[in-house]
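S.K.: can't give you the sequence, but here's the structure:
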C-alpha cells in the first residue's frame, strides 16, 4: 500500500480531530475572558483557546504553523455555533 499524500494525511488528521471534538466537546466547559475562551475538558485539562491558537499540547507541538487545528479549536467553533454566537 502506498503512503498517503500530504493532502490525504492532513485530511485524515482533520477528520480525526473533528470526530473527537464532536464526541468530547459536550463534556467541555467554556468561559469567556478578555484573552479568549478558557476550556476545561472532561478529563480536567485546562487550556486557553482563541481563533488562531490553543495552549493544548496538540496545538503547540503538532498544529501551530500548519493547516492543522486541535480538537479544542473545533469544539469552540461548534460551541459558538450552538449558542448562536458565530
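M.R.: Good, I have the coordinates. The structure displayed is predicted, hence computed values, not measured ones.

S.K.: from here on, contacts and neighbour counts on C-alpha atoms
M.R.: Will do.

S.K.: Let's verify residue 32: helix, strand, or coil?
M.R.: Three-state assignment for residue 32 (DSSP: H, G, I helix; E, B strand; the rest coil): strand.

S.K.: pretty sure it contacts residue 48?
M.R.: No: Residue 32 is beyond contact range of residue 48, at 9.7 Å (criterion: C-alpha atoms under 8 Å).

S.K.: what residues are shared contacts of the two?
M.R.: When contacts are counted by C-alpha atoms under 8 Å, 6 or more residues apart in numbering, the set common to residue 32 and residue 48 consists of residue 38.

S.K.: Roughly how far does residue 53 sit from residue 1?
M.R.: Using C-alpha to C-alpha, to the nearest Å, residue 53 is found at 35 Å from residue 1.

S.K.: Of those two, which one has the most company?
M.R.: residue 53 (18 against 3; other C-alpha atoms under 10 Å).

S.K.: For the more buried one, give me phi and psi.
M.R.: Backbone geometry at residue 53, expressed as degrees, to the nearest 10, gives phi -140, psi 160.

S.K.: who touches it in this structure?
M.R.: By C-alpha under 8 Å, 6+ apart, the neighbours of residue 53 are 59, 64, 73.

S.K.: So among the residues you listed, where is pLDDT lowest?
M.R.: Least confident of the contacts of residue 53 in the model: residue 64, at 86.

S.K.: That one - how many residues pack around it?
M.R.: Residue 64: 15 neighbours (other C-alpha under 10 Å).

S.K.: now swap in residue 25 and tell me
M.R.: Residue 25 has 21 nearby residues by other C-alpha under 10 Å.

S.K.: I'd guessed it sits against residue 73; true?
M.R.: No: in this structure residue 25 lies outside contact range of residue 73 using C-alpha under 8 Å: 10.2 Å.
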